[in-house]
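Colleague: 3D, please:
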Amino acid sequence: MSRSTAYVFSALLAIALTACSQEAAPPASNTADHNAHKLDQRKKLHLTGEQRHHVLTEMRQMLASTQGVIAGIADDDMAAVAAAAKLSGPKAKTTIDMQMRDVLPDEFRPMGKAIHMEFGQMAELASTGTSKEQITAKMANAMNLCVACHNTYQIELVE
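Modeller: A predicted model of the protein is given here:
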């Protein structure tokens, strides 16, 4: 893998880790952090603890898939790329179930569907001998969706 490709992968992984860590932490209790949280203009997803856990579990799986795809590309192991991507594809066990679809806003669902489609396409491309560059471009598309979602939404716990 070229040095520039390694830098791109590192940057993508850093963005994904930052986005997930921001969503996973509950709001801090001190005044400065509370005020910063109030300034956050992202749309709130009002979720119970169980629903929040379900959404974050799915995001962590997509992050793990991203890492697996990147590692597979770095190792020139397309079978590993396909296996990792498939874990977050449209038929993955962790995809949002029908009950969650009733809770999440209408504009959220197409983003979720699109990211799962991207992973599914990565798995298919890796299985058919597509170049690492094309799979890397597909990963960049997927990461754009992750960034867009994390820039648009935040989770707020409800009782």
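Colleague: where does Asp77 sit relative to Ile135, distance-wise?
Modeller: 12 Å (C-beta to C-beta, to the nearest Å). From N, CA and C alone the C-beta is placed, and that goes for glycine too.
Colleague: the more surrounded of these two?
Modeller: Looking at Asp77 and Ile135 with other C-beta atoms under 10 Å, you find the greater number of neighbours at Ile135, namely 23 against 15.
Colleague: mind listing what that one touches?
Modeller: Residues in contact with Ile135, defined by C-beta atoms under 8 Å, 6 or more residues apart in numbering, are 69, 73, 81, 122, 125-126.
Colleague: now the longest helix along the chain, how far from the chain's geometric center?
Modeller: Among the elements of the chain assigned as helix by DSSP state H, the one spanning the most residues is helix 49-74. With C-alpha atoms, centre = their mean, to the nearest Å as the basis, helix 49-74 stands 6 Å off its chain's centre.
Colleague: and what of stretch 152-159?
Modeller: The offset between the C-alpha centroid of stretch 152-159 and the centroid of the whole chain comes to 17 Å, using C-alpha atoms, centre = their mean.
Colleague: swap in stretch 72-87?
Modeller: Average the C-alpha atoms of stretch 72-87, do the same for its chain, and the two points are 17 Å apart (C-alpha atoms, centre = their mean).
Colleague: what are the ranges of the strands in the protein?
Modeller: In the chain, the strands defined using DSSP state E lie at 43-47, 153-157.
Colleague: For Met59, which of these is the nearest?
Modeller: strand 153-157 (10.1 Å; C-beta to C-beta).
Colleague: Over the closest one, what's the mean pLDDT, rounded is fine.
Modeller: Per-residue pLDDT over strand 153-157 has a mean of 94.
Colleague: re the thing from before, most neighbours among the contacts of Ile135, which one?
Modeller: With neighbours defined as other C-beta under 10 Å, the most crowded of these is Met122; it has 31 neighbours.
Colleague: Skipping its backbone neighbours, what lies nearest it in space?
Modeller: Distance criterion C-beta to C-beta, 6 or more residues apart in numbering; nearest residue to Met122, sequence neighbours excluded, is Ala85 at 3.9 Å.
Colleague: okay, now the one you found: neighbour count?
Modeller: Applying other C-beta under 10 Å, we find 29 other residues in the vicinity of Ala85.
Colleague: contacting residues for it?
Modeller: Taking C-beta under 8 Å, 6+ apart as the contact definition, Ala85 lies against 65, 68-69, 119-120, 122-123, 126.
Colleague: follow-up on the earlier one: TSV please, covering the strands of the chain and showing mean neighbour count and distance to Arg101.
Modeller: Compiled in TSV, the strands of the chain are given as follows (neighbours: other C-beta atoms under 10 Å; distance: least, C-beta to C-beta, whole Å):
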stretch	mean neighbour count	distance to Arg101
strand 43-47	15	13
strand 153-157	16	15
